[in-house]
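In: Sharing a model that was predicted from the sequence below.
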Amino acid sequence: MLPLCARKDKDFINHALFMARAALAFLEAWLYYLKNRPLIEIFSMKTESLAVVDATGAVGQEILKILAERDFPAGRVIPLAASAAKGRKVSYGEDELVAIEDLGSFDFSRVSLCISAAKPSVTKDFAPKARKAGCCVIDAGAAFRFDSDVSLIAAGVNDEALRDHKGIIANPSALGIMLASVLKPLHDHTGVLAVIATGFRAVCDQGHEGMDELFAQTRAIYVNDALTRDVFHKQIAFNVIPHVGSFMEDGFTSEEWGLGAEIKKIIAPEIKVSASLVYAPVFIGESLAVHIQLEDDLSAAQARNLLRQASGVQVVDHRHEDGFVTPAESVGEDSIFVSRMRDDSTGLWLWVTTDTLRKGSALNAVQIAELMIAAYL
């Protein structure tokens, strides 16, 4: 049996160790709070309501549709648009009509989250004000995509980057989401060195106006009317236009550069990406023809197995006339479809397509909002 003084010393040491562990636990909790304070403040200040900016546009309407389909856990969903649309009603789900409120006078302290489908200039104007009011903004457009201090999230690919957000989160482009979703499992398995991609943009990239122009030109050709060009510089009906974005000094366009910049930001900065983008006479549904150079050999069969396990990816790759997916078949679907997989001595070849408005934009933004709710509420 220990002497009384020894027992007292042992009790003192145990007590000191207990206090040290408690202090360490408190410090860890405090550091977590400091790192995640924007999130904690956003979600503790008020009940969770969500605003959708540009609720009258093609992407905004798709966002509302998906929120209702997925039974998004918001106390209230508030559609916003320019003052001219105030009071108009938009569909939310099958039976509900919701009145649009004026974006210019809206008090963002009323909501925890906002998904913006507006033009970049509009989003850049209101997003800082919304963040200051305690609202987290998810931009489904291109306003903040390449800002170094804004998290760029392809849902299911780099969700962990949400931890570093500062109140504004960016959606990648539709082609960026598609390419990142395919490259991530391959890069994790064997390393991706370089990518050469040809992207086929749908006209819905230019909103209702782009789709209207394709329809009007197609009709005009059939009835032998004069063609009008208001959205695209060249004829889009029965044609392809190898010009997406603005030309840069090296001959690439801003959108071609942007696809590579997105992959570097989402997956790894060392991956080299060269892209050619064209507008195709397709209303909805974007596609990529991709060549991937890998660090180690990877057969098409091995790549199929990896991609079948990837989040949001569906492999449809059979070597017959119905064994692949086209943009038209992707419309209304939530998956990114991968087909035409084959390998040769230079690397891996494949075809990727998805619904531009859903997974390529609206669904990804809604999935980011769902991740926010699930992780921090």
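Out: Good, I have the coordinates. Numbers count the residues shown, from 1 in each chain.
In: Quick check on residue 72: phi, psi?
Out: Comment: the main-chain dihedrals of residue 72 come out as phi -60, psi 130, following degrees, to the nearest 10.
In: need the contact list for it.
Out: Taking Cβ atoms under 8 Å, 6 or more residues apart in numbering, we find residue 72 in contact with 50, 366, 369-370. Where you see a C-beta, it was placed from the backbone N, CA and C, and this is true even at glycine.
In: run the last query once more with 10 Å
Out: Residues in contact with residue 72, defined by Cβ atoms under 10 Å, 6 or more residues apart in numbering, are 48, 50, 63-64, 66, 113, 366, 369-370, 373.
In: Check residue 78 too.
Out: The contact partners of residue 78, taken as Cβ under 10 Å, 6+ apart, are 49-53, 55, 98-101, 106, 110-111, 114.
In: and it, that one's in a strand?
Out: Yes: assessed by DSSP: H, G, I helix; E, B strand; the rest coil, residue 78 belongs to a strand.
In: Touching, residue 80 and residue 107? I think so.
Out: No: distance between residue 80 and residue 107: 11.1 Å, which falls outside the contact criterion (Cβ atoms under 10 Å).
In: Overlap in contacts, the two.
Out: Both residue 80 and residue 107 are in contact with residue 101, where contact means Cβ under 10 Å, 6+ apart.
In: The two: who's more crowded?
Out: In this comparison of residue 80 against residue 107, neighbours counted by other Cβ atoms under 10 Å, the higher total goes to residue 80 at 26 against 10.
In: Quick check: beta-bridge partners of the more buried one?
Out: On the basis of DSSP bridges, residue 80 is bridged to residue 53, residue 101.
In: sorry, back to before: would you reformat the contacts of residue 72 as TSV and include distance to residue 184?
Out: Below are the contacts of residue 72 laid out as TSV (distance: Cβ to Cβ, whole Å):
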residue	distance to residue 184
48	29
50	28
63	24
64	29
66	23
113	25
366	20
369	21
370	19
373	23
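In: quick one: which of those is most hemmed in?
Out: Scoring the contacts of residue 72 on neighbours with other Cβ under 10 Å, the highest-scoring entry is residue 63 at 32 neighbours.
In: re the thing from before, so which of the contacts of residue 72 is the closest to residue 322?
Out: residue 66 (28.3 Å; Cβ to Cβ).
In: contacting residues for the closest one?
Out: Applying Cβ under 10 Å, 6+ apart, we find residue 66 in contact with 72, 115, 334, 357-359, 362-367.
In: Next up, the contacts around residue 175.
Out: Neighbouring residues of residue 175 by Cβ under 10 Å, 6+ apart: 197, 199-201, 205, 244, 255-256, 258-259, 262-263, 275, 277, 286-288, 352, 354, 356, 360.
In: Next: residue 347.
Out: 192-196, 290-294, 297-298.
In: What is the nearest of the residues you listed to residue 88?
Out: The shortest separation between residue 88 and any of those is 41.5 Å, and it belongs to residue 290 (by Cβ to Cβ).
In: what about the closest residue to residue 104 other than its chain neighbours, distance to residue 105?
Out: Among residues not flanking residue 104 along the chain, residue 83 sits closest, at 5.8 Å (Cβ to Cβ, 6 or more residues apart in numbering). According to Cβ to Cβ, to the nearest Å, residue 83 stands 8 Å off from residue 105.
In: Neighbour count for the two, which is higher?
Out: A side-by-side neighbour count of residue 83 and residue 105, using other Cβ under 10 Å, places residue 83 first with 12 against 9.
In: Quickly list the domain ranges of the protein.
Out: Following automatic domain parsing, one finds the domains of the chain at 1-37, 50-172+362-376, 176-356.
In: now the ones you listed in JSON lines, with mean pLDDT?
Out: Rendered in JSON lines, the data for those read as follows (pLDDT from 0 to 100):
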{"stretch": "domain 1-37", "mean pLDDT": "59"}
{"stretch": "domain 50-172+362-376", "mean pLDDT": "93"}
{"stretch": "domain 176-356", "mean pLDDT": "97"}
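In: Tell me which of those domains is the most buried.
Out: The highest mean neighbour count among the domains of the chain belongs to domain 50-172+362-376 (a mean of 19), with neighbours defined as mean count of other Cβ atoms under 10 Å.
In: And that domain, how far out from the chain middle?
Out: In terms of Cα atoms, centre = their mean, to the nearest Å, the gap separating the centre of domain 50-172+362-376 from the centre of its chain is 12 Å.
In: Same check on stretch 49-59?
Out: Going by Cα atoms, centre = their mean, the spacing between the C-alpha centre of stretch 49-59 and its chain's C-alpha centre is 15 Å.
In: Please apply the same query to stretch 243-256.
Out: Stretch 243-256 sits 22 Å away from the centroid of its parent chain (Cα atoms, centre = their mean).
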